[in-house]
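>>> Turn this into a model:
(4 chains)
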There are 2 protein chains.
Amino acid sequence: MPNDIYDMYAAIFKALAHPTRLRILEILATYGEMCVCNIADKLNIDQPAVSKHLAVLKNVGIIESRKQGLTVNYKVRMPCVVNFLKCADEVLEADLKSRYSFINGKEMLR
Amino acid sequence: MPNDIYDMYAAIFKALAHPTRLRILEILATYGEMCVCNIADKLNIDQPAVSKHLAVLKNVGIIESRKQGLTVNYKVRMPCVVNFLKCADEVLEADLKSRYSFINGKEMLR
DNA sequence: TTATTATATTCCTATATTAGCATAGAGGCA
DNA sequence: TGCCTCTATGCTAATATAGGAATATAATAA
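Numbering: from 1, shown residues only, chains lettered A, B, ... in the order given. Alright, predicted model coming up:
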């Protein structure tokens, strides 16, 4: 094991710290296994970008890949990360919304 | 609200993506409110570094501060983030450990 | 006022990350 | 073999982040 457990956790959070990777994870959590090209289609992002983001997630163990003919299918390997995101949906959303208000149609941070 | 909810989540994960900030959060979650100097003492880090990390966490709403005389006390404002870390402790630890083994006393990644 | 303590901020440098584009590799099929 | 599709990697410029040292700010007390 790495000498510092906090480094490991930080590495996982760093992998999660990108909007595109969160979108990818949501897709994988929703649809299960999916190949790179279908993820790229769904997100309307070019394929090399998707491959690189998938590599980041895979390097820290969040997802895993399985080759099947020409395509490579990815799926979530750490179910807890999906729980993280669900927890985020439930709690953080309300929390974040409470910090913003719209005054005269203009967005304001309280 | 920011136009992209994924950017908001990514910003929160980015704030969590540093071992020192995770240590700070664990301290705050354990002891409740604590001033900058005591956090710096506990972590054996110099004060400006702690202040900067606290600012990162505060900017995304994870923690909040309260001035009390000379000191500034910080405490967790997003309990869900603490749940995140607990969830991490329970699930990720087992998950991560399962990926490592010690062969002949040497650390090996499977 | 000055001094002291606690905290925040600034500056600089080194390092890391990202996006975009081009290209390389790998597998399947004619 | 050659061609096509899917995926991964390499390169570069722009941006972001981290660490260290110095300094600025704020509150309190003498």
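>>> Pull up the gap between the residue positioned nearest the centre of chain A and DNA strand D, please.
For chain A, the residue nearest the mean C-alpha position is residue A:22 (2.4 Å; CA atoms, centre = their mean). According to CB to the nearest atom of the strand, to the nearest Å, residue A:22 and DNA strand D sit 15 Å apart. Bear in mind the C-beta positions are built from the backbone N, C-alpha and C, glycine included.
>>> can you tell me how far that residue sits from DNA strand C?
Taking CB to the nearest atom of the strand, one finds residue A:22 at 11 Å from DNA strand C.
>>> so where does that residue fall, helix or strand?
helix A:19-31 (DSSP states H and E).
>>> Would you agree the residue nearest to the centre of chain A is in contact with residue B:9?
Yes - here residue A:22 reaches residue B:9: they are 5.6 Å apart, a contact under CB atoms under 8 Å.
>>> what is in contact with these two at once?
residue A:85 (CB atoms under 8 Å, 6 or more residues apart in numbering or on different chains).
>>> if we can go back for a sec, what about the helix holding residue A:22, distance to the chain center?
From the chain centre to the centre of helix A:19-31 is a distance of 5 Å (CA atoms, centre = their mean, to the nearest Å).
>>> Tell me the first helix or strand C-terminal of that helix.
Trace forward from helix A:19-31 with DSSP H and E and the next one is strand A:34-35.
>>> which residues in chain A form helices?
With DSSP state H as the criterion, chain A has helices at A:5-16, A:19-31, A:36-43, A:47-59, A:79-87, A:93-97.
>>> tell me which residues in stretch A:69-81 are buried?
A:73, A:74, A:76, A:77, A:78, A:80, A:81 (16 or more other CB atoms under 10 Å in any protein chain shown).
>>> Likewise for stretch A:8-24?
Quick answer for stretch A:8-24 (16+ other CB under 10 Å): A:8-24.
>>> Return the residues of chain A in contact with DNA strand C.
A:14, A:17, A:18, A:20, A:46, A:48, A:49, A:53, A:56, A:67, A:69, A:70 (CB under 7 Å from any atom of the strand).
>>> Now for the second one: which residues touch it?
Residues touching residue A:17, when contacts are defined by CB under 8 Å, 6+ apart, comprise B:10, B:11, B:13, B:14, B:16, B:17.
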